[in-house]
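Chemist: Whatever this is, show me its structure:
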Amino acid sequence: MHAHNNNHRDIYQVARRRMVTHQLIPGGIKDERVLEAMGKVPRHLFVSPGMEPQSYEDRPLQIGDGQTISQPLMVGIMTEALKLKGGERILEIGTGSGYQAAVLAELGCHVWTIERITSLSIRARQSMQRAGYHGVKFKIGDGTMGWAEEGTYDRIIVTAGAPHVPEALKEQLSVGGKLVVPVGNVDVQTLTVITREKDGFHTTVSTGCRFVKLIGENGWK
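Modeler: This next block holds a predicted model:
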């Protein structure tokens, strides 16, 4: 039994390496730390039971409740857009499977994550423990309002498509901090990066993307 487990882990190790070399690098991910982290996080522990063999494929997968675990490349693109050095305080809106939060934890960040669907949050917490990531803080509630009790954040990442940039999240950014959020209509969004400067906010847009809807007071109703 024990040998089988080791063997099994190795199968996924190869799948992870292939994901990095065949998806992330050709997809334009250059940040070595992001490539290294995604080469380590056991993505197969964050998918629905029975979906493990497909967990490193180049596509999003359903995780129940109409939600998805994002395509690996999109996780890479969003993580790279955060420009992380390690040690940042990060707020994630939309825990989903917990995979994105695990990548951030692997990168040495302090992570707070909010999910509106209770069952998903509980599953993500279990996956996170199985994968060996501790110290991530979970909350169930409306992510569009942020998590102001925990103070301000160096980075905020929104893993669902918003009709506009939620004001509450901009207010919870520290000066020099970045907010990465897909903004657009229901069918297609543009990945938007907002940087808080001393004198206001600076916005840049990058790639087109397609996420599930960001639901909440400050999002889609």
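Chemist: shaky segments in this structure?
Modeler: 1-10 (pLDDT under 70).
Chemist: switch the cut-off to 50
Modeler: 1-7 (pLDDT under 50).
Chemist: Please, where are all the strands along it?
Modeler: 61-64, 67-69, 89-93, 110-115, 137-140, 153-158, 173-184, 189-197, 200-209 (DSSP state E).
Chemist: can I get those strands in JSON lines with distance to Pro53 and mean neighbour count?
Modeler: C-betas here are computed from N, CA, C, even on glycine. Shown next, in JSON lines, are the strands of the chain (distance: least, C-beta to C-beta, whole Å; neighbours: other C-beta atoms under 10 Å):
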{"stretch": "strand 61-64", "distance to Pro53": "11", "mean neighbour count": "16"}
{"stretch": "strand 67-69", "distance to Pro53": "14", "mean neighbour count": "20"}
{"stretch": "strand 89-93", "distance to Pro53": "27", "mean neighbour count": "25"}
{"stretch": "strand 110-115", "distance to Pro53": "26", "mean neighbour count": "24"}
{"stretch": "strand 137-140", "distance to Pro53": "28", "mean neighbour count": "16"}
{"stretch": "strand 153-158", "distance to Pro53": "28", "mean neighbour count": "24"}
{"stretch": "strand 173-184", "distance to Pro53": "28", "mean neighbour count": "20"}
{"stretch": "strand 189-197", "distance to Pro53": "29", "mean neighbour count": "18"}
{"stretch": "strand 200-209", "distance to Pro53": "26", "mean neighbour count": "12"}
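Chemist: Distance to Gln129 added to the ones you listed, as JSON lines?
Modeler: What follows is those, written out as JSON lines (distance: least, C-beta to C-beta, whole Å):
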{"stretch": "strand 61-64", "distance to Gln129": "17"}
{"stretch": "strand 67-69", "distance to Gln129": "17"}
{"stretch": "strand 89-93", "distance to Gln129": "17"}
{"stretch": "strand 110-115", "distance to Gln129": "14"}
{"stretch": "strand 137-140", "distance to Gln129": "11"}
{"stretch": "strand 153-158", "distance to Gln129": "21"}
{"stretch": "strand 173-184", "distance to Gln129": "26"}
{"stretch": "strand 189-197", "distance to Gln129": "30"}
{"stretch": "strand 200-209", "distance to Gln129": "29"}
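Chemist: closest to Lys30 out of these?
Modeler: strand 200-209 (13.5 Å; C-beta to C-beta).
Chemist: got the contact list for that closest one?
Modeler: Strand 200-209 is contacted by residues 74, 77, 81, 161, 170, 182, 188-195 when judged by C-beta atoms under 8 Å, 6 or more residues apart in numbering.
Chemist: Now for the residues you listed: which two are most distant?
Modeler: Checking the contacts of strand 200-209 with C-beta to C-beta, the most distant pair is Val188 and Thr195, at 23.5 Å.
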